[in-house]
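Undergrad: show me how the following folds:
(one chain, ligands or ions: 1)
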Amino acid sequence: MNTAAQTASRTDASPLIRLQNVRKVYRTGRTEALAISDVTLDINEGDLLSVVGPSGCGKTTVLKILAGLHDADGGTVSIGDGHGSFVEGRDVGMVFQQPLLLKWRTISDNVILPAQILGLPMKAARERARDLLQMVGLGQAGDKYPFELSGGMQQRAAIARALIHDPKLVLMDEPFGALDAITREKMNLEMLRIWQESRKTFVFVTHGIQEAIFLGSHCAVLTAGPARMADFFRIDLPHPRHLDIKTSTTFGDYVKRVYRQLGME
Ligand SMILES: Nc1ncnc2c1ncn2[C@@H]1O[C@H](COP(=O)(O)OP(=O)(O)OP(=O)(O)O)[C@@H](O)[C@H]1O
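TA: Now for the predicted structure:
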């Protein structure tokens, strides 16, 4: 087991997610690429795990394994109680770097799409979509079309869509990477509010070290070449978090810890 992970893993009897020595190799023809080696971490219900690291270190691969899109080639992946209490299609919501809204559907109709695909009752889904749009600050935008919304607003709609089927786990792959710096900071604040209100478990992939520390209840640091998990720790910063926390010594110490792991000191 990775020593850093061992230090940070908790003693709770049943985390929602437990990855132990997970390894993934991509095979194309005769070539093999080690995407991740030895990722070990626990995620408890209600955690917000930030996964940070440079391009190509395997962050998206970890998300794809959690989403059930890829199998691991080694180690163990356990989600839920292991007795069918967790079904990826039903219990995972995803948010990508681009909002990927269907331009011919209204925002409300975009938000209810996963519920339609899963065959959930539509009346309840429409009511839930209204509540979720309210929660992400788009209470007045349900009848609009995606082109009428800013990038940040579209990404909020994508977050509402990821929550429509009441998933246990929300996976976010660099969701604010395409936004300008100021909108991104605002979305970070929104993100923390949404996480706390929704009481869901989030895994949030980012290249942004400050973003990872600001948002996370826990942080996993992945490094490239070879791809491996270098660190996993709990972030003991108080909630609610405001932007000025970034000027605190504790915040700076966490950032330095990540810099150190990434060889950027
Ligand atoms: N389908 C695939 N086939 C072969 N190699 C792949 C495939 N997907 C990813 N890889 C390789 O696996 C490694 C990890 O990729 P991954 O997308 O998980 O990294 P990442 O940290 O999310 O990168 P980025 O931050 O640039 O999105 C990279 O070297 C990538 O080229």
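Undergrad: pLDDT-wise, which helix or strand of this protein ranks last?
TA: helix 3-8 (a mean of 41; mean pLDDT, DSSP states H and E).
Undergrad: read off the pLDDT value for the residue at the greatest distance from the centre of the chain.
TA: Within the chain, the residue lying farthest from the chain centre (Cα atoms, centre = their mean) is Arg30, at 32.5 Å. Arg30 carries a pLDDT value of 88.
Undergrad: residues in contact with the top helix by length along the chain?
TA: For the chain, the longest helix by residue count, based on DSSP state H, is helix 181-198. Here helix 181-198 makes contact (Cβ atoms under 8 Å, 6 or more residues apart in numbering) with 48, 135-137, 150-152, 155-156, 159, 163, 170, 175-176, 179, 202, 204, 208, 211, 214-215, 239-243. Heads up, the C-betas are built off the backbone N, CA and C, glycines and all.
Undergrad: of the residues you listed, which are in range of the ligand?
TA: Of the residues in the contacts of helix 181-198, proximity to the ligand by Cβ under 6 Å from any ligand atom holds for none.
Undergrad: among those, which ones are in helices?
TA: Using DSSP H, the contacts of helix 181-198 in helices are Met135, Gly151, Gly152, Gln155, Arg156, Ile159, Leu163, Glu211, Phe214, Leu215.
Undergrad: ok, so of the residues you listed, who is nearest the ligand?
TA: Glu211 (13.2 Å; Cβ to the nearest ligand atom).
Undergrad: next, count neighbours for the closest one.
TA: Using other Cβ atoms under 10 Å, Glu211 has 21 other residues around it.
Undergrad: right, and it touches Val51 too?
TA: No: using Cβ atoms under 8 Å as the test, Glu211 is too far from Val51 to be in contact (11.3 Å).
Undergrad: returning to what we had before: just checking, next helix/strand downstream of the least confident helix or strand of the chain?
TA: strand 17-28 (DSSP states H and E).
Undergrad: so which elements touch the following helix or strand past that next one?
TA: Per DSSP H and E, strand 17-28 leads on to strand 31-43 as the next helix or strand towards the C-terminus. Applying 3 or more Cβ pairs under 8 Å, 6 or more residues apart in numbering; DSSP states H and E, one finds that strand 31-43 contacts helix 3-8, strand 17-28, helix 59-66, strand 74-79, strand 218-223, strand 228-234.
Undergrad: report the buried residues of strand 31-43.
TA: Buried residues in strand 31-43, counted by 16 or more other Cβ atoms under 10 Å: Ala35, Ile36, Ser37, Asp38, Val39, Thr40, Leu41, Asp42, Ile43.
Undergrad: taking those residues together, which two end up most distant?
TA: Ala35 and Asp42 (21.1 Å; Cβ to Cβ).
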